[in-house]
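**Q** all I have is the shape, not the residue letters:
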């Protein structure tokens, strides 16, 4: 019986596997909450240079899903992806520096990463900016600016959901 997984495993043995195929398999297993298999395919795909797999691999390390939690490996992978301005990686680096997760707190570095993620419209980064401005954390309190960030975050999240629904119907 043909399965995408058997096909990918055969291609890996023959050294003809495509990083996108491995990424898609990783995503399929991630959605099924089979994090060990997701980790396996994201790792193989990231070794072939797939930036999205790099980020997902980092997330698995960050949260300890399918692999022992390891902030050093998570941050390594987030940093590698951030070199290509990947917004999710930038966001998690921002969180890490702002909250001291796996690194010493470094507010200015955290805010720089957050700004880069927000400039790309990453909804979680925009929402975090809203939180910071609404509470006056690291920035001067500004409820109007906080509302602007929350609004942008909501719009970007709707776009993301809409794009996902369109792809799901294909």
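**A** Thanks, I have the structure now. Because the structure is predicted, anything quoted here is derived from the model rather than measured.

**Q** so where's the chain shaky on pLDDT?
**A** Applying pLDDT under 70 to the chain flags the ranges 1-16, 167-170.

**Q** walking through it, point out its strands one by one.
**A** Using DSSP state E, the chain contains no strands.

**Q** tell me where it has helices.
**A** With helices called from DSSP state H, the chain shows them at 4-14, 19-31, 35-47, 51-63, 71-82, 87-99, 107-119, 123-135, 143-169.

**Q** redo those helices as JSON lines? Include mean neighbour count.
**A** Where C-beta positions appear, they are placed from N, C-alpha and C, glycine not excepted. JSON lines is the format used below for the helices of the chain (neighbours: other CB atoms under 10 Å):
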{"stretch": "helix 4-14", "mean neighbour count": "13"}
{"stretch": "helix 19-31", "mean neighbour count": "19"}
{"stretch": "helix 35-47", "mean neighbour count": "21"}
{"stretch": "helix 51-63", "mean neighbour count": "23"}
{"stretch": "helix 71-82", "mean neighbour count": "20"}
{"stretch": "helix 87-99", "mean neighbour count": "23"}
{"stretch": "helix 107-119", "mean neighbour count": "18"}
{"stretch": "helix 123-135", "mean neighbour count": "20"}
{"stretch": "helix 143-169", "mean neighbour count": "13"}
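
**Q** what's the residue nearest the centre of the chain in contact with, if anything?
**A** Centrality entry for the chain: nearest residue to the mean C-alpha point is residue 88, 3.7 Å, by CA atoms, centre = their mean. Residues counted as contacts of residue 88 (CB atoms under 8 Å, 6 or more residues apart in numbering) are 55, 59, 81, 117, 122, 124.

**Q** separation between it and residue 125?
**A** 9 Å (CB to CB, to the nearest Å).

**Q** now residue 17
**A** Residue 17 is 33 Å from residue 125, where distance means CB to CB.

**Q** ditto for residue 73
**A** Distance, residue 73 to residue 125, by CB to CB: 22 Å.
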